[in-house]
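Undergrad: return atomic coordinates for the entry below.
(2 chains)
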Amino acid sequence: MQLLALAFAGVMLLPFSLGGVFGAYLAGGFIAGSETEPLIEWARMAFVYGWIFVVGFGGYRAYAVALRPDNLDGLLTTVSHRDVIGGLVLAELVLWSAFFLTVGSAATVAFAVGAGSLLTIPALLLTLCLLLATGIPAGFILALGVRNAGVRSRLLSRLRTLFLFLLGIGYFALIFTNAFASVLEPIYRVLAPTPIDWFGDLAASGLGIGASPLRAIGAVGFTGAFVVVAIASLYRLAAWLWYADGVHITHEAERSDDGASRFQGLSKVLSQPVFGVVAVDWKRARRSPISLSFALYPLIVLAGPSVTAVQTGEIGTGLPLWILLSGTWVSGSLFALNVVGQEGAALPVTLLSEAPDRSLVIGHVLSGALLIAPVTVAATVIAGILSPHSVPVAASLGVSALVLSAASGAIGTGIGVVFPRFEAVSVSRSTKAIVPSAFAFAVYSVAVLVVSLPTVIAHSGIAGHALASVIGVNRLAIGLSGTLVSAVFACLVGIVSMYVARDRVRDYRLG
Amino acid sequence: MTRDTNAIETRELTKRFGTEIAVDGLDLTVDHGTVYGFLGPNGAGKTTTMRMLTSLTRPTDGEAWIDGRPVSERDSIRTSIGYLPEEPPVFDELTGREQLEYFGRLRDLPATEMETRIEDWLDRFDLIDDADKRIDDYSKGMRQKIGLIQALVHEPDVVFLDEPTSGLDPRAARTVLDVIAELTDHGHTVFLSTHILSVVEELADVVGVLYEGDLVTEGSPAELTARMEAEEGTTLEDVFLSVTAERGPTASESAPGNAGDATARRDGRAEDDERIADR
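TA: Take a look at the predicted model:
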């Protein structure tokens, strides 16, 4: 399987690699016939950015993969931490070199041929080697620094999930706003006055574009010194990480009485078992939000329209519908899409409780609806009012949002019970959770789309307007009709689904 | 249909998984207010039996009753039984107290009564100071205690305990044994599955040994050791090793009742037992 994956990666990378080689040939030809003065600056800048790339990706891989080898305890009780970190860094170097030196060699030769200077080949190859020899250890040092901070800082340990979440949001924001350059620019400005800038001179040796021989030699000397310092740093940081007596976070939760008082109003309205399910759902979600990270899936479809709205400063007629659909989907999937499976080890005992069919099914539906429906309704109405929709049509959208996000949990329960998942899956590097099955997600998504379709059509700019023209009624009437049909659909499907869920839970057997 | 004679009764209780027989025609009766020690090697079918008796698994054949009520009708036995599964039934994100309140609410216990009972049990199991800590900070033994409390908090007539002393330190294990003894003193029935033979020897009124789905021997600890016809000092462990070896594939290689040979054969069968893995 790994060979297959490597072969696939090779095939995928081949066009880019060939393109790079051809580009190198063209660049060589361009340099051969150009003025010399600005080109050396370009070369220096290219290699500084190259170094940032290697450190960035090397650091990411070190943090996420390389510094978490299988059976680390076994390794550390067999060989010294120096051998372990040395082996891990060398393994990464070999992995990166396998690609970069292969493609790099071809690109170097193509560049040298294009530039008509074969002396460039050893200079460029040597520079690539030095880039990797300094960049990869630098990435490891960064990753070890971050992990040491995480292990030793109580604040970072507590807020680790939040930090990672914000980092992820920031990353996607950079992608959607094409703002990577604004982040890299300051880093470049910091590194430009350092010996990292000398790699460009070494690479350009023999090209006759004004490379400084002194800086070229300095690049080699700097690499030697950097490697020595890096080795010492890696040994020390690895020892700190692996032999650390890190902070131990005990999760002191609030007294149950306090929690109960927070939900007091709810406990008076709901039956004791249903209230128990709702309270536990919310507590678990608050304390381990990453377990529900699947609820962020709609952000993928919501991101595009939202970014467009921010960039243009205008909210189109589509955005309120995207919000409505996303909120509806999240409301039903959050707690109700795996009613049986998410009980985990508690399932046998839950099944033997007083009326698990009613308490589990109703409780999980309410958990999602009470939490998400108000937000969905508010966001949909606000976006609707700010959009070209009239206020009455925005109100009609609000009613749709209320009914659909309240009913989606009911729709999800039956689907989740028919296609449950009992095994925990990794939702982050260190967290496993029982999430709904892929099949349940798929069927549920289709069901939500189908019941929402009348609302979507009736409130969409083009289809809604066309319908109003054809039938000869105003947009509000069309919108209300869509809301009504969706509400009837959602209620019917929801009721049937809840009945299926209730029957299955009542008679559920473990094997 | 109700039968009012025994706390637990089974007739020809059988469970098959495909062609494999997990429990084969089990007949047993357990009197009210007694402890039934259920022994057997890994994969013998103990957990499957407990699941059938608690209505969590449907038998392939046969019938079972709790307090005279058929287990096929789960609603009729819900309030009568408490169950501690082998894996403690807890959510890591909750505190111990919240976990117990969750099960108490699912059992629809009156709020004040539930709180009083939970507080008493937490105190009894020395968990008061840790009750408001999250379960993912608990040791295995503490989780086990929470699991045990949830099985008892609604005061069921019949309690099924699957390895109740697993992971407990000696003091906590002693508390569990005392609790079990108290339960039977108050007329509750305990169906106890464990590998710790000394526990059964101390507590059980009747011991049944399950091997490859068959109940190979049953009786009081004293009766079982007497049946060995061995020298003085024969223990329940000798009985267990003997009866679980007699029916093994290498049984013909040695005389029945030879505990030393049984140990060797037991080791040889361990792999097969694990494969069946407590169905």
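Undergrad: in chain A, what residue comes closest to chain B?
TA: Nearest residue of chain A to chain B (CB to the nearest CB) works out as residue A:276 at 3.0 Å. For glycine as for every other residue, the C-beta is placed from the backbone atoms N, C-alpha and C.
Undergrad: ramachandran angles for residue A:58?
TA: Dihedral pair for residue A:58: phi -60, psi -40, per degrees, to the nearest 10.
Undergrad: I'd like to know how far it sits from residue A:135.
TA: 6 Å (CB to CB, to the nearest Å).
Undergrad: specify the beta-bridge partners of the nearest residue to residue B:156 once chain neighbours are set aside.
TA: Distances taken as CB to CB, 6 or more residues apart in numbering or on different chains place residue B:82 nearest to residue B:156, at 3.9 Å, with adjacent residues excluded. Beta-bridge pairing for residue B:82 (DSSP bridges): residue B:159.
Undergrad: I figured residue B:82 was touching residue B:149, is that so?
TA: No: contact between residue B:82 and residue B:149 fails when scored by CB atoms under 8 Å: they sit 9.9 Å apart.
Undergrad: what pLDDT, on average, does the longest helix seen in chain A get?
TA: In chain A, taking DSSP state H as the definition, the longest helix is helix A:81-115. Averaging pLDDT along helix A:81-115 gives 88.
Undergrad: buried set for the helix or strand just after that helix?
TA: As assigned by DSSP states H and E, the chain's next helix or strand after helix A:81-115 is helix A:120-152. For helix A:120-152, the neighbour count (16 or more other CB atoms under 10 Å in any protein chain shown) marks A:120-121, A:123-148, A:150-151 as buried.
Undergrad: and helix A:120-152, what does it pack onto?
TA: helix A:37-61, helix A:81-115, helix A:154-158, helix A:199-203, helix A:213-242 (3 or more CB pairs under 8 Å, 6 or more residues apart in numbering or on different chains; DSSP states H and E).
Undergrad: quick one: what helix or strand has the residue in chain B that chain A sits nearest to in it?
TA: Closest to chain A within chain B is residue B:105: 3.0 Å, counting by CB to the nearest CB. Per DSSP H and E, residue B:105 falls inside helix B:96-106.
Undergrad: let me see the mean pLDDT of that helix.
TA: On average, helix B:96-106 scores 95.
Undergrad: and the angle for the helix or strand just after it with helix B:96-106?
TA: Sequence-wise, the next helix or strand downstream of helix B:96-106 (DSSP H and E) is helix B:111-124. Angle of helix B:111-124 versus helix B:96-106, following axes from the mean of the first three to the mean of the last three CA atoms, to 10 degrees, is 140 degrees.
Undergrad: okay, buried residues for helix B:111-124 please.
TA: B:114, B:115, B:117, B:118, B:121, B:122, B:124.
Undergrad: chain center to whatever helix or strand comes next after it, what's the gap?
TA: Next along the chain after helix B:111-124, taking DSSP H and E as the criterion, comes helix B:140-152. With CA atoms, centre = their mean, to the nearest Å as the basis, helix B:140-152 stands 14 Å off its chain's centre.
Undergrad: cool, and stretch A:118-128?
TA: With CA atoms, centre = their mean, you get 38 Å for stretch A:118-128.
Undergrad: who touches that stretch?
TA: A:28, A:47, A:100-101, A:104-105, A:108-109, A:111-112, A:199, A:202-207, A:216, A:219-220 (CB atoms under 8 Å, 6 or more residues apart in numbering or on different chains).
Undergrad: which among those residues end up buried?
TA: The buried subset of the contacts of stretch A:118-128 (16+ other CB under 10 Å) comprises A:28, A:47, A:100, A:104, A:108-109, A:111-112, A:199, A:202-207, A:216, A:219.
Undergrad: with only the CA atoms kept, save stretch A:140-152 in CSV.
TA: In CSV, the C-alpha atoms belonging to stretch A:140-152 read as follows (Å, rounded to 0.1, in the frame of the first residue of the first chain):
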residue,chain,number,x,y,z
PHE,A,140,13.1,20.3,14.2
ILE,A,141,14.4,22.9,16.6
LEU,A,142,11.3,25.0,16.1
ALA,A,143,9.0,22.0,16.5
LEU,A,144,10.8,20.9,19.7
GLY,A,145,10.5,24.4,21.0
VAL,A,146,6.8,24.4,20.4
ARG,A,147,6.3,21.0,21.9
ASN,A,148,8.5,21.8,25.0
ALA,A,149,6.4,24.9,25.5
GLY,A,150,3.2,22.8,25.3
VAL,A,151,4.5,20.3,27.7
ARG,A,152,5.7,22.9,30.2
